[in-house]
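K.L.:
sequence and computational prediction follow.
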Amino acid sequence: MNVNLEFNSKFDNEDYIITIQSNGKVLSISVEDEDRGVYWKKEYDEKAITDITSQMGSFKSLEVFTKMLICALSNENDTLTINFLSFNEIQKLKNPTASFDFSNPNDENNRKKYFILV
């Protein structure tokens, strides 16, 4: 499945440009925050996707995962949503009473981001 799509998305009132590319063997996801000049990019092969989804208890092939990601980003399916969270934000969800510093954008735990496809 060959894919080359761009989406304009909003997470926590911040605008992002998300590019999804796939040649059927590798899925490339890039996210750009133009306002802050920040750019993230990661590539995943079939094994990485199947390993990650299996660990989460819901095995998906690269093709199925790519289709789900596209559906969520294009709002084609009300049951699929995406969150874009920092490590600190994920930890805060796990432990709401803990204290985390979100004010320092240069903190590695705030710079590293995770797509959470639900």
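P.N.:
In hand now; what should we look at? Note that the structure is predicted; figures quoted are calculated from it, not measured. Residues are numbered from 1 along each chain as shown.
K.L.:
from here on, just use CA atoms for contacts and neighbour counts.
P.N.:
Will do.
K.L.:
give the buried residues for the helix or strand harbouring I49.
P.N.:
Using DSSP states H and E, I49 maps to helix 46-55. By 16 or more other C-alpha atoms under 10 Å, the buried positions in helix 46-55 come out as E46, I49, T50, T53.
K.L.:
what does stretch 79-97 give?
P.N.:
By 16+ other C-alpha under 10 Å, the buried positions in stretch 79-97 come out as T81, I82, L85, S86, N88, E89, I90.
K.L.:
just stretch 24-34 next, same as before
P.N.:
Those would be V26, L27, S28, I29, S30, V31, E32, for stretch 24-34 by 16+ other C-alpha under 10 Å.
K.L.:
distance from the chain centre to that stretch, please.
P.N.:
Offset of stretch 24-34 from its chain centre (C-alpha atoms, centre = their mean, to the nearest Å): 9 Å.
K.L.:
hmm, who's touching it?
P.N.:
Applying C-alpha atoms under 8 Å, 6 or more residues apart in numbering, the contact partners of stretch 24-34 are 1-2, 14-22, 38-46, 62-63, 66.
K.L.:
circling back to that earlier point, and the buried residues of stretch 79-97 as JSON lines, adding secondary structure?
P.N.:
Converted to JSON lines, those look like this (DSSP: H, G, I helix; E, B strand; the rest coil):
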{"residue": "T81", "secondary structure": "coil"}
{"residue": "I82", "secondary structure": "strand"}
{"residue": "L85", "secondary structure": "strand"}
{"residue": "S86", "secondary structure": "strand"}
{"residue": "N88", "secondary structure": "helix"}
{"residue": "E89", "secondary structure": "helix"}
{"residue": "I90", "secondary structure": "helix"}
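K.L.:
in those, which has the lowest confidence score?
P.N.:
Lowest pLDDT of those: N88, 77.
K.L.:
separation between it and S99?
P.N.:
9 Å (C-alpha to C-alpha, to the nearest Å).
K.L.:
same check on L5?
P.N.:
On the measure of C-alpha to C-alpha, L5 and S99 end up 38 Å apart.
K.L.:
from the chain's centroid, how far away is the helix ranked longest in the chain?
P.N.:
Criterion DSSP state H: the longest helix present in the chain is helix 62-73. From the chain centre to the centre of helix 62-73 is a distance of 11 Å (C-alpha atoms, centre = their mean).
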